[in-house]
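Peer 1: need coordinates for the following:
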Amino acid sequence: METTPNIGSGLLAGKVVLVMGASRGIGAAAARLFAREGASVLLTARTEAQLKAVTEEIRAAGGTASYALCDLADGASVRAAVDRAVELYGRLDGAFNNGATGQPPGPMDELPEAAFDEVVTVDLKGVWLAMNAEIAAIRATARRGSIVNTSSVGSLMANPALPVYGASKRAVNALTASAATTYGPEGIRVNAVAPGTTLTELLREWDERSPGVIDALNAQTPLGRAAAPEEIAEAAAWLLSDRASYVTGTVLRADGGMWA
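Peer 2: A predicted model of the protein is given here:
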């Protein structure tokens, strides 16, 4: 069967975009898509082998990509990754803050305090650290730009299975709105994308531990299926692009209608 090559339209042509959490799942899909759409991409995560593999895949397809190790719990590491993007490409136009950690599913009173601290540190503080560094880099180079944070549809409703994860992502929504208001006058847009059920490694692992989770979530979704990571990446690409030039401070649901 003949297939049509997946060729980008130049949505992000000429832009330098940093992707946090780019070693797998939505982040890796986003890095591939952004490069295909013309961006020079710096991929970051904690796992070098996976980062290197995705970077080499992008280069083999004709894209411009490099990678840097980054721990979202470490402010110096985050700032170094942002500095690396500017060092390599001379500027920063946008960032997709997708790095996150999950929590063991279950009632909040059963979550160990150490797990609470890890989720809040990575999923909330990490986004705060990243935005601060990215805004400074955009100001110093491109002057105008766009930042997209990964939230979750689980931040918009009660989330008894993932209560601390949901709370952290709801706080990301608040940070997103505050940053959009603060930096909008400078021409820096800040938005979030809220994925619904998405077939990432984390979701598949949860479904293996608790068979039927994906089917149950799909039953709550009007489109009746989970998203591929690439579908969430498409939403982020649009928000980063100039075609979303009048969109800031929003949490864009890419959830198959789950929250409709």
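Peer 1: check contacts around residue 57.
Peer 2: Residue 57 is in contact with residue 32, counting by CB atoms under 8 Å, 6 or more residues apart in numbering. C-betas here are computed from N, CA, C, even on glycine.
Peer 1: please tell me how far it sits from residue 46.
Peer 2: Using CB to CB, to the nearest Å, residue 57 is found at 19 Å from residue 46.
Peer 1: ok, residue 190 next?
Peer 2: 24 Å.
Peer 1: same question, residue 68
Peer 2: Residue 68 is 11 Å from residue 46, by CB to CB.
Peer 1: please apply the same query to residue 22.
Peer 2: Distance, residue 22 to residue 46, by CB to CB: 11 Å.
Peer 1: which of those two has more residues huddled nearby?
Peer 2: Neighbour tally, residue 22 and residue 46, criterion other CB atoms under 10 Å: the higher count belongs to residue 22, 32 against 17.
Peer 1: excluding sequence neighbours, find me the nearest residue to that one.
Peer 2: Closest residue in space to residue 22, ignoring its immediate chain neighbours: residue 43 at 3.6 Å, by CB to CB, 6 or more residues apart in numbering.
Peer 1: that neighbour belongs to a strand?
Peer 2: Yes. Counting by DSSP: H, G, I helix; E, B strand; the rest coil, residue 43 is located in a strand.
Peer 1: and it, bridged to which residues?
Peer 2: Here residue 43 sits in beta bridges with residue 19, residue 67, going by DSSP bridges.
Peer 1: how long is stretch 57-75 end to end?
Peer 2: Distance between the boundary residues of stretch 57-75 (CA to CA, to the nearest Å) amounts to 29 Å.
Peer 1: ok, residue 39 - how many residues close by?
Peer 2: The burial count for residue 39: 30, using other CB under 10 Å.
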